[in-house]
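[1] missing the sequence, but the structure's below:
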């Protein structure tokens, strides 16, 4: 047998052995079980959630949709499921509870940026696309900055949105400083809030002025503790955050971006914890911020928190271009917002206060940003 014949014979033997092994049942290899499809968004905007938990006794899913927590049922394969909706087009956070243990959806790569991530992301698209959805319009960019905060003595992070066309020109832009809520971080307003797409779409429709948006980390004071934050911690966080914002962030932004530096070209706004920060810092510094907004904000002891503003209402009304406050009627902070507005009015400080439908959730806050941004930096204000 020549070499070529020997090679062909050996190859045929190997192929026969491989085929036999492939067809033979395996006694050692476990059968592959594909992961469940979750979340599955149907054409009618109902959504099915699934999670495999073969030994669990009780599983539920909770999210930012109306109706809250939904109990799930288990099939013969140990997969729990429930179908909800139809839901309004939006971006929803949701969490599984497996025998009271809160967890992400293990097969969903979409995760809400948080200090301790427990929330997965569900997107129900609209037709036509909603203002917070990606659309075929000119888009800006979001840049990540790391910086060493001298006032806090640690590494910090922030994100900066620049509008479409920023890199091709020499124009200077107004700037909005936009803050997140407790538990979130500097990435949440873009990854989950879609702030950059909201601005892209508003600018493309000529509904908002092109602007730069700076999104910071709102957790300036972060001691190791368990339980709920105390009154002192909240006050300390605002104080430390103010030092970092004014001493580190503003100089960094103004040294690296083409921003206009007068108060009439600076806005400050935030949600929940960030709303308390924006209202407190903005009203105490009308020489720096001409436009102030608070979404579902929490301000403890406003007579103390904004005492400087309350002491000079005429000067405040003259300097401020806009003070805009909004909160949902079902929001747990609605009473605090009402009390804060009442204090402002009692002391002669004008503001625009909107009570809307909705609770303490991101579907409300995306809409607030879409309503607030078009009001900013208008010449007739």
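    Received the coordinates, thanks. Values in this document were obtained by computation on a predicted structure and should not be read as measured data.
[2] Next up, phi/psi of residue 67, please.
    Here is the backbone geometry of residue 67 (degrees, to the nearest 10): phi 100, psi -20.
[3] which residue packs closest to it, ignoring adjacent ones?
    Once flanking residues are discounted, residue 67 sits nearest to residue 84: 7.4 Å by C-beta to C-beta, 6 or more residues apart in numbering. For every residue, glycine as well, the C-beta is placed using N, CA and C.
[4] Test my guess that that neighbour contacts residue 44.
    No. In this structure residue 84 lies outside contact range of residue 44 using C-beta atoms under 8 Å: 11.8 Å.
[5] These two: which is more packed in?
    More crowded of residue 84 and residue 44, by other C-beta atoms under 10 Å: residue 84, with 18 against 9.
[6] For the more buried one, give the beta-bridge partners.
    With DSSP bridges as the criterion, residue 84 is bridged to residue 47.
[7] Mind pulling up the pLDDT for it?
    At residue 84, the pLDDT value in this model is 97.
[8] what residues are up against residue 353?
    Residues in contact with residue 353 (C-beta atoms under 8 Å, 6 or more residues apart in numbering) are 325, 326, 337, 341.
[9] let's see 10 Å
    Each residue near residue 353 by C-beta atoms under 10 Å, 6 or more residues apart in numbering is listed here: 294, 323-327, 337-338, 340-342, 344-345.
[10] To which secondary structure element is it assigned?
    strand 352-356 (DSSP states H and E).
[11] follow-up on the earlier one: quick one: which of the contacts of residue 353 is most hemmed in?
    Of all those, the highest neighbour tally under other C-beta under 10 Å goes to residue 294, namely 34 neighbours.
[12] so what's that residue bridging to?
    Note on residue 294: beta-bridge partners residue 270, residue 325, judged by DSSP bridges.
[13] coming back round to it: now do the contacts for the residue nearest to residue 67.
    Contacts for residue 84 (C-beta under 10 Å, 6+ apart) come out as 39, 46-49, 61, 63, 65-67, 70, 94, 122.
[14] now residue 40
    Shown in contact with residue 40 (C-beta under 10 Å, 6+ apart): 46, 47, 48, 49, 50, 81, 83.
[15] and the residues you listed, which are buried?
    For the contacts of residue 40, a neighbour count by 16 or more other C-beta atoms under 10 Å gives the buried set as 47, 48, 49, 50, 81.
[16] To which secondary structure element type does the closest residue to the last one other than its chain neighbours belong?
    It refers to residue 81. Nearest residue to residue 81 in three dimensions, chain neighbours excluded: residue 50, at 4.5 Å (C-beta to C-beta, 6+ apart). Secondary structure assignment for residue 50 (DSSP: H, G, I helix; E, B strand; the rest coil): strand.
[17] I'd guess residue 208 is in a strand, am I close?
    No. Residue 208 is assigned coil when assessed by three-state DSSP, not a strand.
[18] export the buried ones among the contacts of residue 40 to TSV and tack on pLDDT?
    As requested, those are exported to TSV (pLDDT from 0 to 100):
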residue	pLDDT
47	98
48	98
49	98
50	98
81	98
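[19] out of those, which one sits closest to residue 195?
    Proximity of those to residue 195 (C-beta to C-beta) peaks at residue 47, which lies at 24.2 Å.
[20] Am I right that that closest one is in contact with residue 83?
    Yes. In this structure, residue 47 is within contact of residue 83 by C-beta atoms under 10 Å, at 6.9 Å.
[21] In JSON lines, list the buried ones among the contacts of residue 40 along with distance to residue 203.
    Formatted as JSON lines, those follow (distance: C-beta to C-beta, whole Å):
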{"residue": "47", "distance to residue 203": "31"}
{"residue": "48", "distance to residue 203": "36"}
{"residue": "49", "distance to residue 203": "35"}
{"residue": "50", "distance to residue 203": "39"}
{"residue": "81", "distance to residue 203": "41"}
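[22] What segments of the stretch 151-300 of the chain are helices?
    Counting by DSSP state H, counting those that start in this stretch, one finds helices in the stretch 151-300 of the chain at the ranges 188-191, 195-204, 231-244, 250-256, 273-284.
[23] Among these, show me which one is buried the most.
    Highest mean neighbour count among these (mean count of other C-beta atoms under 10 Å): helix 273-284, with a mean of 27.
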